[in-house]
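Undergrad: Requesting a structural model of the entry that follows:
(chains A and B)
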2 protein chains.
Amino acid sequence: VITRADCLDRDRGDRLAPLRELFDLEAVDREGLIYLDGNSLGVLPRKTTERLRQVISEEWGAGLIRSWNTPRPGSGQAAGWITLSQTIAGKIARLINVNAREVVVADSTSINLFKVLNAAIAIQQDTGRTRIVSERTNFPTDLYIADSAAKAHGFELVLVDDRELAASIDNSVAILLLTHVNYRTGRRHSMGELTHAARAAGAIMVWDLCHSAGAMPVDLAGADFAVGCGYKYLNGGPGAPAFVWVHPRHLARMDRDRWRQPLSGWLGHAAPFAFTPEYEPAAGIDRFICGTPPVLSLSALECGVDTVLAADAHGGLNAIREKSIALTDLFIELVESRCGDQELSLVTPRQAEQRGSQVSFVHPTSGYPIMQALIARGVIGDFRAPDILRFGFTPLYTRFVDVWDAVDRLTQVLGQGEWRDPKFSERAAVT
Amino acid sequence: VITRADCLDRDRGDRLAPLRELFDLEAVDREGLIYLDGNSLGVLPRKTTERLRQVISEEWGAGLIRSWNTPRPGSGQAAGWITLSQTIAGKIARLINVNAREVVVADSTSINLFKVLNAAIAIQQDTGRTRIVSERTNFPTDLYIADSAAKAHGFELVLVDDRELAASIDNSVAILLLTHVNYRTGRRHSMGELTHAARAAGAIMVWDLCHSAGAMPVDLAGADFAVGCGYKYLNGGPGAPAFVWVHPRHLARMDRDRWRQPLSGWLGHAAPFAFTPEYEPAAGIDRFICGTPPVLSLSALECGVDTVLAADAHGGLNAIREKSIALTDLFIELVESRCGDQELSLVTPRQAEQRGSQVSFVHPTSGYPIMQALIARGVIGDFRAPDILRFGFTPLYTRFVDVWDAVDRLTQVLGQGEWRDPKFSERAAVT
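TA: The predicted model follows:
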C-alpha cells in the first residue's frame, strides 16, 4: 500500500523538484490548491510578473515605438520586439528537437493550422488525392479548420476512429492530421510509426503538438508540418501565441516557388518596411507570420518557454517524461485502489508509452458534479463532455504528494457523496 | 507670429488637458521627449501597469483556469476572460458609433480583414462582379490580404490612385476596400460620400479604421464591414488585438444561411464547449472569433480603450477631433513659417476636413536622416519610404507646447544641418 509518506519520499528524491521554485505558487499553496489542469492552462512562472512589468513600463512606457528596434532605455537590453517571435521560436525549436529557423511563433493554433493545411493542400493539389484524414475525437478546432481548408480547395475531411486509423492510411490520403496526445483520453499516438506510415503512403503528415510540446520529447523526423500551443505545458499564459514548424524540404520548395500562405500579412513580407503594394513572401519560415504580434502576450510566452528549458540542467525533457509517467502511474494506481468501488473507469491507456501527461476517467452519469465537488475541495481538474474527468500532470511543478492528496480528496468527494449537492450540477462554460 | 507662450496659453484653455494625467508619461517627460508617433503606437495608459499586474498575479497566478469563468480570487471582480473580447468590443462600438453586438475583438487587423473580405466575396459571389477596388497607397497589408482573398475566389484586386477613385466606382465593382485615413499622407476620405457611392453602385463597402478609431468620430452609416487596430489611437499596447464590425443586415443573413468564415476556430463555434466534431458558427458577430484570445494583450487593450472613453466627460470624440485639427493646423503653420527655406513640402491636405490626425512632409532626398536626427533631439515621428516624414498628433496627451517645441527642434536639425552626420543615415527597420 502506498502511503503519503512514500510520496513525500519520492518528492525528496525527485531531480526536477527544485524547478517548482520557478513558479509563483504562493496563492495556490496558501489556498491549499492542487492544480491538475496545467494541460489546459500552465501556472504562472515567477519571472513573468517582473518581466511583464519591465515590458510594460520600460519597453512600452519609456521606449515607446523605439522598442521595436532598439534595446530598452536604461538599458539592461531586451526590447527589439521585431525579432521577439523568432527568438522565442528558436527556444521552442529546442523543445521539439528541430532547427531554430524552421519554427515561427504567431497567432493561435487554429490560425496556424489554417496556414499549414493550405501549404499541405498546395503540395498535394495536383496528385489527385483529396482526402484529409483525421480522428473523430481530435480537438474540434483542428477539425473545424481542416474542414474549412478542405472545402475551399475541393478536398474532403474524413474522420475515422482511433482503431481504424492504421488501416485508413493508404494511397488515397492527401494529408494525415493528428494530435499527438488526445485532449480527452490522454491517448498518445506513436509519432514515429504514424509518420512513417503516412510517408510510405505518400501522404503529408501534420502533427498538432498542443498536448505534448513541453511535456515530453517529440520526434518529428520525417514529418512535414506541426503546430502547437503556448499556454499549456509551455506556461505562456492565457491565450499565449502558438507556433508552427515546417520541414526544411518544404521551406526550400516554397522559396523556389515563391509560395505564399493565404494569410499574407505585412510582417510575413520579404521586406515589410519597403511598403510595396505587391506581396512577396519572406524567405523560409518567416512567410508564416501574418500581422503585428501581441507583444505583451509574446513576452509572457518567452518566460514560460524558459521554465521548460530550465529543466535541461535537470535531465531535460527525458526527465520530465519520466516523472510524468511516474505521476500518472501513481494517480491511476491510487484512484483504482482507493476509489475502486465507485463507477469510475479509466479511459487513458494503462500502458505508459501510449499515454500523454494526463489521466482521464469516465463516470457514466455524474462526471460534471463530481468534478465541481472536487474543485470545491481544492483539486482542480476539468470535465469534458459528455462524461470525462480529466487530470493533467505537469512534472515541473506537480509533486507526488499532490497526487496523493488529490486522490485522498477524491475519495472524500465520492465516498461521502459530496457531489450529490445540487449546487454542483449548475453548469458554466469550462475550458 | 505664434510664440511658445501662445501655445502654453492654448494648453491652459484646452478642455482635454486633464486627460494627459491618464497616461504614464513620466519617463517621456524626464527624457524631454516629444512623442509624435501615437498613430503608430499609442503611449502607456497609467492604469495598464496595475491592471496587468492584477491579471497576471491574481487572475492567472491565483485564479488559474477558473479565471475563464469566474471573478478573480479575492474578489474585486473582473476575470471572466471568456467574455473579455465581447466586453471590449462593446466599448469600441461606442467609439465607432455602432451597436455593441456588431463588433468583436480578435486576432490582428490583417486576419480580421481576411475574414471580412471572405464575407464580402461570399455576398458578391453570384453577381458576376469580381473586382475588389482599393487604393495603390493603402496600407500594404490590406492589399496583400485582399489579393490573397481575391485570388482564392477568382476575384481580382484592382488598385487605383486617389484621384481616380471616384470615377472607378461603377457597376463592375464587387468590393470597395478603403482606409479612412492614409497611413503615409494622412489624407482622410469622405467616408459618407464614398460609402454612398459604393452602395449606389451595388458594391460592398469595407472600411479600415486603423488610423481613425479613437482619433475622430467615424460614420459607418450605410457601410458593410470595418476593421481596425488596437495599438494606435486606442492605446492598447504593442500588437494589441484588432476589431471587426459587421452591419447587422449581413449578420442576419449569415445567421439565416449559417454562413461561416474560413477561420472557423473553436471559439467562434455556437457551442465551443460541446466539443462536437462538426462546426456550427456562433450566431451574429461571434462567428468572427477564431482561437483562444491572448488575454494579457487583450486586458491591456481594454485599459487603452478606456482612455478614449474617458474623453466622453470632456466633449468626447468631437473634442478630440477639434483639438486634432488645431494641433495639425498649428504644426503645418509653424513648420512652413519657420522651416520654409528648407526643401520640405506638405503632402497632407491643407484643408482640415481632408486630413486625419497626422501631418506628413516630403523631403526629396534626405527624409530618413532628417527623421533620425530629429529623434536624436527627442522628437519621435517616423519615416515612411521613400521620402515621407510623418508626425502623429494624439489629442489625449499631445499639448500645443509640444508642437511648438517639436518644430523648434526641427529648425535646429535642419538649419544647422545636424542630419548630415553620417550616423543618421544608417538604416534599421522602422515601424
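Undergrad: Next, the contact list for the residue in the stretch 1-150 of chain A positioned nearest to chain B, please.
TA: In the stretch 1-150 of chain A, the residue that lies nearest chain B is residue A:108 (2.9 Å; CB to the nearest CB). C-beta here means a position set from N, CA and C on the backbone, and glycine is covered the same way. Listed by CB atoms under 8 Å, 6 or more residues apart in numbering or on different chains, the contact set of residue A:108 reads A:239, A:241-242, B:107, B:265, B:290-292.
Undergrad: Give me the neighbour count for residue A:427.
TA: 10 (other CB atoms under 10 Å in any protein chain shown).
Undergrad: Share the number of residues neighbouring the closest residue to chain B within the stretch 151-300 of chain A, please.
TA: Chain B sits closest to residue A:291 of the stretch 151-300 of chain A, with a gap of 2.9 Å, by CB to the nearest CB. Neighbourhood size, residue A:291 [other CB under 10 Å]: 26.
Undergrad: Repeat that for the one 10 residues further on.
TA: One way to gauge burial is a neighbour count; for residue A:301, by other CB under 10 Å, it gives 31.
Undergrad: thinking it is in contact with residue A:238, fair?
TA: No: counting by CB atoms under 8 Å, residue A:301 sits too far from residue A:238 to count as a contact (11.0 Å).
Undergrad: Between these two, which contacts overlap?
TA: residue A:231.
Undergrad: how much space between residue A:233 and residue A:179?
TA: Distance of residue A:233 to residue A:179, given as CB to CB, to the nearest Å: 14 Å.
Undergrad: Break down the stretch 101-250 of chain A into its helices, ranges please.
TA: A:109-124, A:140-152, A:165-168, A:191-200, A:248-257 (DSSP state H, counting those that start in this stretch).
Undergrad: Quick check: mean pLDDT of the third one?
TA: The average pLDDT for helix A:165-168 rounds to 95.
Undergrad: neighbouring contacts of that helix?
TA: Helix A:165-168 is contacted from outside by A:133, A:135, A:158, A:160, A:178, A:194, A:197, using CB under 8 Å, 6+ apart.
Undergrad: May I see the buried residues of it?
TA: By 16 or more other CB atoms under 10 Å in any protein chain shown, the buried positions in helix A:165-168 come out as A:165, A:168.
Undergrad: Dump it to CSV, restricted to CA.
TA: Only the C-alpha atoms of helix A:165-168 are listed here, as CSV (Å, rounded to 0.1, in the frame of the first residue of the first chain):
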residue,chain,number,x,y,z
LEU,A,165,-6.5,4.8,-38.1
ALA,A,166,-3.7,2.5,-39.2
ALA,A,167,-6.0,0.8,-41.8
SER,A,168,-7.1,4.2,-43.2
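Undergrad: Now do the longest strand seen in chain A, average pLDDT.
TA: In chain A, taking DSSP state E as the definition, the longest strand is strand A:173-179. The average pLDDT within strand A:173-179 is 98.
Undergrad: Quickly run through the sheet partners of that strand, with directions.
TA: Sheet pairing of strand A:173-179 (DSSP bridges) gives strand A:131-135 (parallel), strand A:204-208 (parallel).
Undergrad: what angle separates the last one from helix A:140-152?
TA: Using axes from the mean of the first three to the mean of the last three CA atoms, to 10 degrees, the inter-axis angle of strand A:204-208 relative to helix A:140-152 is 150 degrees.
Undergrad: who's in contact with strand A:204-208?
TA: For strand A:204-208, contacts defined as CB under 8 Å, 6+ apart pick out A:109, A:113, A:116-117, A:120, A:123-124, A:138-139, A:142, A:174-180, A:191, A:194-195, A:198-199, A:218, A:220, A:222-228.
Undergrad: Roughly how far does the most centrally placed residue in chain A sit from residue A:373?
TA: By CA atoms, centre = their mean, chain A has its centre lying nearest to residue A:210, at 2.5 Å. Computed with CB to CB, the distance linking residue A:210 and residue A:373 is 28 Å.
Undergrad: How about residue A:330?
TA: Taken as CB to CB, the span from residue A:330 to residue A:373 is 22 Å.
Undergrad: Among these two, which residue is more densely surrounded?
TA: residue A:373 (25 against 20).
Undergrad: Surely that one and residue A:417 touch.
TA: No: using CB under 8 Å as the test, residue A:373 is too far from residue A:417 to be in contact (9.0 Å).
Undergrad: contacting residues around residue A:290?
TA: Contacts of residue A:290 by CB under 8 Å, 6+ apart are A:106-107, A:111, A:115, A:263-265, A:267-268, B:108, B:110-111.
Undergrad: one more time with 7 Å
TA: Counting by CB atoms under 7 Å, 6 or more residues apart in numbering or on different chains, residue A:290 touches A:106-107, A:263, A:265, A:267-268, B:108, B:110-111.
Undergrad: which one of the residues you listed is nearest residue B:377?
TA: Of all the contacts of residue A:290, residue A:267 has the smallest distance to residue B:377: 29.6 Å, by CB to CB.
Undergrad: surely that closest one meets residue A:291?
TA: Yes: Residue A:267 is within contact range of residue A:291, at 6.2 Å (criterion: CB atoms under 7 Å).
Undergrad: just to revisit the earlier point, could you export the helices of the stretch 101-250 of chain A to TSV, including columns for distance to residue B:362?
TA: Output for these, formatted as TSV (distance: least, CB to CB, whole Å):
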stretch	distance to residue B:362
helix A:109-124	37
helix A:140-152	43
helix A:165-168	62
helix A:191-200	56
helix A:248-257	36
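Undergrad: Tell me which of these is the most buried.
TA: helix A:109-124 (a mean of 25; mean count of other CB atoms under 10 Å in any protein chain shown).
Undergrad: elements contacting that one?
TA: Judged by 3 or more CB pairs under 7 Å, 6 or more residues apart in numbering or on different chains; DSSP states H and E, helix A:109-124 is in contact with helix A:140-152, strand A:173-179, strand A:204-208, strand A:225-228, strand A:242-246.
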